[in-house]
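K.L.:
Got a predicted structure plus its sequence, pasted below:
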Amino acid sequence: MLIFLGDGMGGRPIPELDAKTTIEAADTPSLDRVASEGACGMMYPISPGVAAGSDTAHMAILGYDPYEYYRGRGPFEAKGVGIDVNAGDVAFRCNFATVEGKMIVDRRAGRIKSGTDELAAAINEQIPQLDGVQILFADSIEHRAALVLRGEGLDEHVSEVDPHHEGVDYWDCKPLPGHEHNEAAQRTADIVNRFVERSHEVLKGHPVNKQREADGLLPANITLPRGVGAAVELEPFSQRYGLDGAMVIEVDIVRGLAMYLDMSVITAEGATGGADTDEIAIARSVVAACEQHDFVLANIKAPDLGGHDGDFEQKIAAIEKVDRAMACILDNLDFDHAVVILTADHCTPVSVGDHSGDPIPAAFFGSGVTPDEVRSYGERSCSQGYLGHFTGADVMNLLANFAGTGEKFGA
Ligand SMILES: [Zn+2]
């Protein structure tokens, strides 16, 4: 079973494209073949009209109800950068930044490239705990990092420290509105504020920063937490489905979800997560993964970027990359013994510049699939398909049904 996603690929009509969507305007012979020889429909990742994040959409499509299991992105970020998150932890993504006093000079510390491992080690060594709460910190690529608080009496209903702007003071962490009398949230906010101050004390005189300043670079002299979340218990994928699952992915937060679900994580050589990603390398990794695992989910990030940038030409080029990857998969996988759903995790319409709650064209192709009359992959064509409208929560059942592994409900 393969779930093949072009991140944010769905969209809305664009006047400059004669009211076609970016999928409809792109040249996509392989996506069209999947639709033409398969069964089509429209998928709402979470439910009709709900604009899904990449994290909640992937959870929903894998059959983990985000309304039940999602309490913020922090735990997935932390897991994705290698911290072993436990249920009950409160986790944040962080930036290394440059401050003067409280004023943010650069949110990304000059997009620091190296030395953050040493800075993270200094934080872990010198701030092992605050108020009896264990501090776990890890660096990721460039300025990115993650923070985990582990201990009793914590609560994730606290505000951001990073104001997402430069030339302003960073914010104090506070209980969220409605949680002012929540003692655990107040305590968590106090610990976050002390952590931010302590990180500044530890980092400002660190040899890595002394060297950066000597080289005329901005020092990474503070860490700014944001994207808080509370870690929940999630049943491992193999336990829930009895399938050996893998993800071929480019996005950190989805990597974190895969690790959370104890799935194999595969990053293709040449997968950059950007518009220049090597889609053929990704496709080859997908084919190799399908030979070794019962279940694979793959995601190509590029279409989402064009959507966020409001650039339909960029998005069309990215969708054509997804098409070339699909061509390679069609050439190399035996679909007499495999079934794929081609879709997206959510729509990112160019006209919106962000995710929307529109349904996404979806096509199932391969073993067990009854083809319908749809002849091309796109918003309007797939809406005519045999599967009608369904949600992300239906995808695993639909795949299992086509693959012949579904269990009968009833006698
Ligand atoms: Zn996005």
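P.N.:
That came in fine, so what should we check first?

K.L.:
Wait, residue 48 touches residue 358, no?
P.N.:
No. The pair residue 48 / residue 358 is not scored as a contact, 9.2 Å apart, by CB atoms under 8 Å. Where C-beta positions appear, they are placed from N, C-alpha and C, glycine not excepted.

K.L.:
The two: which is more packed in?
P.N.:
Taking other CB atoms under 10 Å, residue 48 and residue 358 do not tie; residue 358 has more neighbours (20 against 11).

K.L.:
what's the burial count for the nearest residue to the more buried one once chain neighbours are set aside?
P.N.:
Excluding the flanking residues, the one nearest residue 358 by CB to CB, 6 or more residues apart in numbering is residue 347, at 4.4 Å. Look at residue 347: counted by other CB under 10 Å, it has 29 neighbours.

K.L.:
can you pull the contacts of residue 347?
P.N.:
By CB atoms under 8 Å, 6 or more residues apart in numbering, the residues touching residue 347 are 8, 9, 10, 11, 12, 307, 355, 356, 357, 358, 359, 360.

K.L.:
Which per-residue confidence value corresponds to the third one?
P.N.:
The reference is to residue 10. At residue 10, the model reports a pLDDT of 97.

K.L.:
For it, list each beta-bridge partner.
P.N.:
Beta bridges link residue 10 to residue 347 when assigned by DSSP bridges.

K.L.:
can you give me how far the longest strand anywhere in the chain is from the chain middle?
P.N.:
Identified as the longest strand of the chain according to DSSP state E is strand 90-100. The chain centroid and the centroid of strand 90-100 are separated by 19 Å, computed with CA atoms, centre = their mean, to the nearest Å.

K.L.:
got it, and stretch 242-253?
P.N.:
Centre-to-centre, stretch 242-253 and its host chain are 11 Å apart (CA atoms, centre = their mean).

K.L.:
Which parts of that stretch count as buried, going by neighbours?
P.N.:
Residues 243, 245, 246, 247, 248, 249, 250, 251, 252, 253 are the ones in stretch 242-253 that count as buried (16 or more other CB atoms under 10 Å).

K.L.:
Can you name the residues of the protein sitting close to the ion?
P.N.:
Within the chain, the positions adjacent to the ion are 8, 304 by CB under 5 Å from the ion.

K.L.:
lowest confidence element among the helices and strands of the chain?
P.N.:
helix 252-260 (a mean of 89; mean pLDDT, DSSP states H and E).

K.L.:
and that helix, what does it pack onto?
P.N.:
helix 54-61, helix 74-80, strand 245-248, strand 264-266 (3 or more CB pairs under 8 Å, 6 or more residues apart in numbering; DSSP states H and E).

K.L.:
Worst mean pLDDT among these?
P.N.:
Among those, helix 74-80 carries the lowest mean pLDDT, at a mean of 91.

K.L.:
if I look at the closest residue to the ion within the stretch 101-250 of the chain, how far off is residue 102?
P.N.:
Ranked by CB to the ion, the top residue of the stretch 101-250 of the chain for proximity to the ion is residue 250, at 12.3 Å. Residue 250 sits 35 Å away from residue 102, going by CB to CB, to the nearest Å.

K.L.:
How about residue 295?
P.N.:
Applying CB to CB, the value for residue 295 to residue 102 is 48 Å.

K.L.:
Who has more neighbours out of the two?
P.N.:
residue 295 (25 against 14).

K.L.:
Might one say that the more buried one is in contact with residue 243?
P.N.:
Yes. When contacts are counted by CB under 8 Å, residue 295 is listed as touching residue 243 (4.4 Å).

K.L.:
Overlap of the contact sets of those two?
P.N.:
1, 237.

K.L.:
Out of the helices and strands packed on helix 252-260, which one sits most buried?
P.N.:
helix 74-80 (a mean of 29; mean count of other CB atoms under 10 Å).

K.L.:
Give the other helices and strands that that one contacts.
P.N.:
Helix 74-80 packs on strand 90-100, strand 144-150, strand 222-230, helix 252-260, going by 3+ CB pairs under 8 Å, 6+ apart.

K.L.:
lowest-confidence stretch among those?
P.N.:
helix 252-260 (a mean of 89).

K.L.:
Only alpha carbons, please: show it as PDB.
P.N.:
Extracted in PDB, the C-alpha atoms of helix 252-260 (Å, rounded to 0.1, in the frame of the first residue of the first chain):
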ATOM      1  CA  ASP A 252      10.800  17.700   9.700                       C
ATOM      2  CA  ILE A 253       7.400  17.700  11.400                       C
ATOM      3  CA  VAL A 254       6.100  14.700   9.400                       C
ATOM      4  CA  ARG A 255       9.400  12.900  10.100                       C
ATOM      5  CA  GLY A 256       8.700  13.500  13.800                       C
ATOM      6  CA  LEU A 257       5.200  12.000  13.400                       C
ATOM      7  CA  ALA A 258       6.700   8.900  11.600                       C
ATOM      8  CA  MET A 259       9.200   8.500  14.500                       C
ATOM      9  CA  TYR A 260       6.400   9.000  17.000                       C
END
